[in-house]
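# Pasted the sequence and its predicted model underneath.
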Number of protein chains: 2
Amino acid sequence: MGVITTTKNRAQAVVKAVATPKELLPLGQIIPGDCVEAMRSIPTASVDLVFADPPYNLQLGGDLARPDGSHVDAVTDEWDRFDSFKSYDDFTRAWLTEAKRILKPDGALWVIGSYHNIFRVGAILQDLGFWILNDIVWRKANPMPNFKGTRFTNAHETLIWASQGEKAKYHFNYRAMKTLNDELQMRSDWVLPICGGQERLKEGGTKVHPTQKPEALLYRVLLATTERGDVVLDPFFGTGTTGAVAKRLGREWIGCEREGVYRDAALKRIEKELPLDESALTTMQAGRAAPKVAFGALVEGGFLKPGTEVFDKKRRWIATVRADGSLALGKQTGSIHGLGKDLQGAPSCNGWTFWHYENGGEIKPIDAARQLYLLAVED
Amino acid sequence: MGVITTTKNRAQAVVKAVATPKELLPLGQIIPGDCVEAMRSIPTASVDLVFADPPYNLQLGGDLARPDGSHVDAVTDEWDRFDSFKSYDDFTRAWLTEAKRILKPDGALWVIGSYHNIFRVGAILQDLGFWILNDIVWRKANPMPNFKGTRFTNAHETLIWASQGEKAKYHFNYRAMKTLNDELQMRSDWVLPICGGQERLKEGGTKVHPTQKPEALLYRVLLATTERGDVVLDPFFGTGTTGAVAKRLGREWIGCEREGVYRDAALKRIEKELPLDESALTTMQAGRAAPKVAFGALVEGGFLKPGTEVFDKKRRWIATVRADGSLALGKQTGSIHGLGKDLQGAPSCNGWTFWHYENGGEIKPIDAARQLYLLAVED
DNA sequence: TAGTGGCGTGAATCTGCTT
DNA sequence: GAAGCAGATTCACGCCACT
């Protein structure tokens, strides 16, 4: 629930500004063609969030070989080639201008980039009147090394989160973020693995898109700054990570994408995605008793999916995991520790050992998932 | 040990470009007054490194004068905001232009900032021709929480490291950084505590400077990108963290600072600082660096006898060591690197790890012989 | 079967000196 | 300035084969 604006207040604000019924929006569709052209077809002040992963303008030189002689598969696609900073700036100003137009007055913008482009993007969006709320650092758990030993390992990317203006309202699910982060305020640096393994879309053994983003990143962005039913637009849709996570989290999505290959892959992918059920989506409300959990990170990382059933050893109680790492059993909700304590009427409860889940026919305490998570995340 | 340019080569390059004797520079001094004016007194191409911690401006207001000396009003409405960005940009362009002038051709620039100003600084320095080498995230171990719970905890600041241009040489102590990081490449995200405790300068219980940077940050910057004796200039000297660490590490320093209170505190502080002794500095610079060793020297020294057979790990190729340090396989000959490269059809090859030899029934890479050689030569 | 080791790979502005 | 050559250079993770 928003600390900055409540859902109720937002709804009123939107009704005042415009009244674009959702039926008029191309929800769940990927608009083909150039993203600026595509966005022109979207009504003014109709979208709650824009998430953009624009080309980075990498300006790579020749080929790069690893110390073992193998070849680095670089981003050489036509869509990342610009003549100059000037032409990249023009392109950036054009799509950011459209993004600002289609966003609701209390909508927000996310952009991700690297040092090649993010300073230009940040300065231009400030010039256009966007108001930066945070810059977020995605610290990659497993970045590519610097093979030649010439610089520091490029181990992070930067996201900018911005509202429509200095005085504009925006939406931040403070409580859900705090729950997700073991009851500590969520910081501006997020440690997440890069996209690989089963999650990485491949066609005949080769990656479909060179820069597919991890779903955990979008999960956190959407959980932090949108509500259920909000409309999220991604002007550089690619293979549809934004759409897939939006659908899972019960958000509406719109994509823009030039390349047919990416559009096809994205639609196929999102088709397979299942929305989480109602109880899993209900995140912790602001002001409620603080759930004392580190559990949220497991949910976010996909180690335990929202909607998973967890139960005590004797199966007296069966609860459901929700998107922010809280548990629900009927009308009772709480952290893994708090709910276990309440149900038993005990003075305290270690949720890690109390709750169990089933995995491949095997019943394990959720602490097992924590161990897996720790193994995966450990620096 | 420089990877990008060796100390010897740099010295030659500098002599060619200009010949500003260090005696003509105000080493170990803080130039009073406006930083742009102060930098104008420094000769062109005379400084090895500029480290800058400029005012972050914007919301702070007041602390910033336009280049023409007029005062910038506090940020209130849209026009003022634009005006504020404009004047901040002018100010930034002015001091960056001077910094570029006084830097040697193989010199480098560091700037630190937050999301309020770093995007403008980054875009402008790119426009001026600086070439970004890395953006570095200083991840604060103990940041101030976001008390209102309206955003993510602002837990990092951003540094930009840039050379004079795309083709310009620069200096990076790769080996020293790797040593500092437990033999793993140093990443672009640095976890360091904020400045506090004994290190924080206080006068009558209150901090002397609001944004004093931790010495560990400067330590890493100077160790990574300067050599002993290099000249480091800090145009926003404040209470002299740059000078203190420079003195400790045996680097020369120059400061610019408007405020007399800061100048006095800085001079007093640096006075107390003691340079590390010769041996400590030598060790740190070289790290565990392996000085370049010609394979021929090993043969010459009898560590590998001519006629010895060397082979790759899978024994696909077996070559013979010749008296001049070259290898021969049938009619093919070449250096340890070149022959390995040709045989594999690879773009490059590190012969030290590719080739192996047998010694007392044990198979070792020829790099092992290099280590023995180094041990023997050191004494 | 659980554990181990080899191999592939990820948004990368990725060499320097001599001829 | 282009070409050629000597020399230096990688971390974490997922998958699969093998023990």
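Everything's here; your move. Nothing here was measured: the structure is a model prediction, and the numbers come from that model.
# per-residue pLDDT, A:Phe295?
Looking at A:Phe295, its pLDDT is 80.
# out of everything not next to it in sequence, what's closest to it?
By the measure of Cβ to Cβ, 6 or more residues apart in numbering or on different chains, the closest residue to A:Phe295 outside its immediate chain neighbours is A:Gly325, 4.4 Å from it. Backbone N, C-alpha and C define where each C-beta goes, glycine included.
# would you list every one of the helices in chain A?
Listed in chain order, the helices of chain A (DSSP state H) span A:7-17, A:35-40, A:85-102, A:118-127, A:174-180, A:215-225, A:241-248, A:260-272, A:278-281, A:296-300, A:336-344, A:351-354, A:366-377.
# A:Tyr56: what's it in contact with?
Residues counted as contacts of A:Tyr56 (Cβ atoms under 8 Å, 6 or more residues apart in numbering or on different chains) are A:75, A:80, A:113-114, A:116-117, A:211.
# An error on my part: the question was meant for A:Gly351.
A:293, A:295, A:335-340, A:366.
# That one: what's its closest spatial neighbour, skipping adjacent residues?
A:Ile336 (2.8 Å).
# Would you confirm that the one you found contacts A:Trp355?
Yes. At 5.6 Å, A:Ile336 counts as touching A:Trp355 under the criterion of Cβ atoms under 8 Å.
# overlap in contacts of those two?
A:310, A:327, A:366.
# I'd say the last one and A:Phe295 touch.
Yes. In this structure, A:Ile366 is within contact of A:Phe295 by Cβ under 8 Å, at 7.4 Å.
# shared neighbours of those two, anything?
The overlap between the contact sets of A:Ile366 and A:Phe295 (Cβ under 8 Å, 6+ apart) consists of A:304, A:336, A:351.
# how much space between the first one and A:Arg228?
It refers to A:Leu304. 21 Å (Cβ to Cβ, to the nearest Å).
# now do the last one
A:Gly351 sits 26 Å away from A:Arg228, taking Cβ to Cβ as the criterion.
# And A:Asp106, by the same measure?
A:Asp106 is 16 Å from A:Arg228, by Cβ to Cβ.
# what about these two, which has more around it?
Per other Cβ atoms under 10 Å in any protein chain shown, whichever of A:Asp106 and A:Arg228 has more neighbours is A:Asp106, with 22 against 15.
# ok so, going back, want to try JSON lines for the shared contacts of A:Ile336 and A:Trp355, with neighbour count, pLDDT and distance to A:Leu184 as columns?
Below are the shared contacts of A:Ile336 and A:Trp355 laid out as JSON lines (neighbours: other Cβ atoms under 10 Å in any protein chain shown; pLDDT from 0 to 100; distance: Cβ to Cβ, whole Å):
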{"residue": "A:Val310", "neighbour count": "25", "pLDDT": "93", "distance to A:Leu184": "23"}
{"residue": "A:Leu327", "neighbour count": "28", "pLDDT": "88", "distance to A:Leu184": "19"}
{"residue": "A:Ile366", "neighbour count": "23", "pLDDT": "88", "distance to A:Leu184": "20"}
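# shaky segments in the stretch 101-250 of chain A?
Scanning the stretch 101-250 of chain A for pLDDT under 70 picks out nothing.
# Run through the residues that contact the residue in it that DNA strand C sits nearest to.
For the stretch 101-250 of chain A and DNA strand C, the shortest gap (Cβ to the nearest atom of the strand) falls at A:Lys148, measuring 3.0 Å. A:Lys148 makes contacts with A:Leu64, as judged by Cβ under 8 Å, 6+ apart.
# any idea how far it is from B:Val299?
A:Lys148 is 28 Å from B:Val299, by Cβ to Cβ.
# what residues does chain A put near DNA strand D?
A:66-68, A:141-149, A:153, A:193, A:196-198, A:376-378 (Cβ under 7 Å from any atom of the strand).
# Could you turn the buried ones of those residues into a ChimeraX selection?
Entered in ChimeraX, the line below selects the buried ones among the residues of chain A next to DNA strand D, by 16 or more other Cβ atoms under 10 Å in any protein chain shown:
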select /A:143,146,149,153,193
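# Closest to the centroid, which residue in chain A?
Central residue of chain A (Cα atoms, centre = their mean): A:Leu218, 1.2 Å from the mean position.
# what number of residues lie near the one residue in the stretch 201-350 of chain A that gets nearest to chain B?
Going by Cβ to the nearest Cβ, chain B is nearest to A:Ala224 of the stretch 201-350 of chain A, at 7.8 Å. Counted with other Cβ under 10 Å, residues neighbouring A:Ala224 total 22.
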